[in-house]
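Undergrad: Fold the following.
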Amino acid sequence: MYELADNFFLVFHSALIVFILFGWMWNMTKKANLVSLSLTAFSWFVLGIWYGIGYCPLTDWHWKVLKKLGHHDLPASYIPYLLNKIASIEISSHAADALTVIFFSLALMASIYVNFVKRKTSAG
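TA: Residues are numbered from 1 along each chain as shown. As a prediction, the model looks like this:
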């Protein structure tokens, strides 16, 4: 059962990350992308007040599953785990956090642009 949950979190969390980074590119998904980015920011910075900045409930739940499966040397964030799991790439938590903030910020700016700025200039 825990193996199934592990696979679910790996697929779902990875797909969500891809959607957060690129969902702004298509008209059909750009609003849902902005909502996903907003919920992520809420988790990181509002829930993060109580759980630590950058808190992600998906990571928290996945770590609980992995600990039940006997994994105890888990990184502080999901990105180093994911890169190591799918590509055998080792990255420090500091580098992962920096890259995460950079790519999240770029995706957020792109989403704001296509949802608000581009729409205004197209209508005007």
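
Undergrad: what pLDDT, on average, does stretch 116-124 get?
TA: When pLDDT is averaged over stretch 116-124, the result is 71.

Undergrad: Over to stretch 87-97?
TA: 95.

Undergrad: can you give me the end-to-end distance of that stretch?
TA: 18 Å (C-alpha to C-alpha, to the nearest Å).

Undergrad: Could you do stretch 34-52 as well?
TA: Counting by C-alpha to C-alpha, the terminal residues of stretch 34-52 are separated by 23 Å.

Undergrad: tell me the SS of Y55?
TA: The three-state label given to Y55 by DSSP: H, G, I helix; E, B strand; the rest coil is coil.

Undergrad: worst-scoring helix or strand of the protein, pLDDT-wise?
TA: helix 118-123 (a mean of 67; mean pLDDT, DSSP states H and E).

Undergrad: Would you mind listing the residues in contact with the nearest residue to A110 once chain neighbours are set aside?
TA: Spatial nearest neighbour of A110, excluding adjacent residues (C-beta to C-beta, 6 or more residues apart in numbering): W24 at 4.8 Å. The way it works is simple: take the backbone N, C-alpha and C, and place the C-beta from them, glycine included. Counting by C-beta atoms under 8 Å, 6 or more residues apart in numbering, W24 touches K30, N33, L34, A107, A110, S111, Y113, V114, N115.

Undergrad: Now for the fourth one, how many residues are close by?
TA: A count of neighbours around A107, defined by other C-beta atoms under 10 Å, yields 23.

Undergrad: same question, the third one
TA: The burial metric for L34, expressed as a neighbour count using other C-beta under 10 Å, is 19.
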